[in-house]
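Asker: missing the sequence, but the structure's below:
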């Protein structure tokens with residue numbers, strides 16, 4: 001059985017994906033195909049490379065997102081995304097899709113041509129960095145003859161990438177939101193983030209019906225994109241939400257779904 005796992009973007013809320021993966025594996029559900037955007041691309045790549053949930057969580061705890069030592073000089077951004085390459089290279093030592101143990105699809109936005117690009121082969125780390133390069137904060141990443149930013153700018157939940165490859169598709173979506181008050185918008189970046197989430201969620205929610213199961217805990221809405229102080233809490237929310245969703249009835253249904261007919 002080919003099991004597809006779709007991992008949305010969401011900044012540090014992506015730690016919840018790791019909790020979802022832990023819960024899935026405890027139920028003997030192991031993804032064979034992964035599609036990820038932004039932080040979902042990071043988790044997806046580490047998982048496809050062969051890391052277990054403990055190692056992936058350790059990576060999230062160790063990464064310094066807004067590290068001013070990585071200030072972008074002469075580039076359109078505050079942080080030079082490509083300066084994260086050495087950190088990723090310590091985890092992903094062979095920088096190529098062909099070393100992965102699971103099929104992986106990463107999406108990033110071509111900021112020059114204005115279209116979504118799908119990466120499934122060749123060098124691996126730069127597409128990961130590009131997919132997670134939030135516009136305005138992180139400088140675009142140069143890959144071959146173009147420049148790329150966050151895949152979530154055009155597709156934050158790339159379900160379509162797995163439709164022809166998977167018998168079952170499970171989605172982990174970490175951008176759920178609740179109503180807020182004006183007091184919650186303390187800074188300008190809070191307003192920008194809120195607007196981005198509203199636009200993205202409106203499109204993404206329509207894709208939920210194309211998955212066999214979606215785990216989307218609304219409790220994550222209180223954590224910001226750059227919240228590095230609550231990674232353990234975010235991880236536990238993802239884990240608990242997945243355990244709650246994976247009831248005996250749901251597991252029985254998932255394990256007996258017929259293989260979809262391919263056109």
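Answerer: Happy to help now that I have it. Quantities reported herein were computed from a predicted structural model and do not represent experimental measurements. Residues are numbered from 1 along each chain as shown.

Asker: For residue 62, grab the count of nearby residues.
Answerer: Neighbour count of residue 62, defined by other C-beta atoms under 10 Å: 11. (Each C-beta comes from the backbone N, C-alpha and C, glycine too.)

Asker: Residue 184 too?
Answerer: 12.

Asker: ok, now residue 121?
Answerer: 10.

Asker: quick one: it and residue 15, what's the gap?
Answerer: Separation of residue 121 from residue 15 (C-beta to C-beta, to the nearest Å) stands at 28 Å.

Asker: Residue 98 now?
Answerer: Taking C-beta to C-beta as the measure, residue 98 falls 28 Å from residue 15.

Asker: Next: residue 237.
Answerer: From residue 237 over to residue 15 (counting by C-beta to C-beta), the distance is 9 Å.

Asker: Comparing those two, which shows the higher neighbour count?
Answerer: Per other C-beta under 10 Å, whichever of residue 237 and residue 15 has more neighbours is residue 15, with 31 against 23.

Asker: On the three-state scheme, the more buried one is what?
Answerer: Applying DSSP: H, G, I helix; E, B strand; the rest coil to residue 15 yields a three-state assignment of helix.

Asker: So it is in contact with residue 236, correct?
Answerer: No. Residue 15 is beyond contact range of residue 236, at 9.2 Å (criterion: C-beta atoms under 8 Å).

Asker: pLDDT below threshold where in the stretch 51-200 of the chain?
Answerer: Along the stretch 51-200 of the chain, the parts satisfying pLDDT under 70 run over 177-181, 188-190, 192-199.

Asker: Which parts of it are helices?
Answerer: Taking DSSP state H, counting those that start in this stretch, the helices of the stretch 51-200 of the chain run over residues 53-62, 85-91, 125-131, 188-204.

Asker: Same list (those helices) but as JSON lines, adding distance to residue 22.
Answerer: As requested, the helices of the stretch 51-200 of the chain are arranged in JSON lines below (distance: least, C-beta to C-beta, whole Å):
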{"stretch": "helix 53-62", "distance to residue 22": "4"}
{"stretch": "helix 85-91", "distance to residue 22": "18"}
{"stretch": "helix 125-131", "distance to residue 22": "21"}
{"stretch": "helix 188-204", "distance to residue 22": "23"}
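
Asker: Those: which one's closest to residue 214?
Answerer: helix 188-204 (9.7 Å; C-beta to C-beta).

Asker: Buried residues in stretch 53-70, which are they?
Answerer: Residues 53, 56-57, 59-60, 65, 70 are the ones in stretch 53-70 that count as buried (16 or more other C-beta atoms under 10 Å).

Asker: Which of those residues lies at the shortest distance from residue 34?
Answerer: Nearest to residue 34 among the buried residues of stretch 53-70, with distances taken as C-beta to C-beta, is residue 56, at 12.4 Å.

Asker: Quick check: that closest one touching residue 20?
Answerer: No. With contact defined as C-beta under 8 Å, residue 56 does not reach residue 20; the gap is 11.2 Å.

Asker: show me the biggest strand of the protein in terms of residues.
Answerer: Determined from DSSP state E, the single longest strand within the chain is strand 103-110.

Asker: Name the strands paired with that one and say parallel or antiparallel.
Answerer: As defined by DSSP bridges, the strand partners of strand 103-110 come to strand 33-37 (parallel), strand 115-119 (antiparallel), strand 146-150 (antiparallel).
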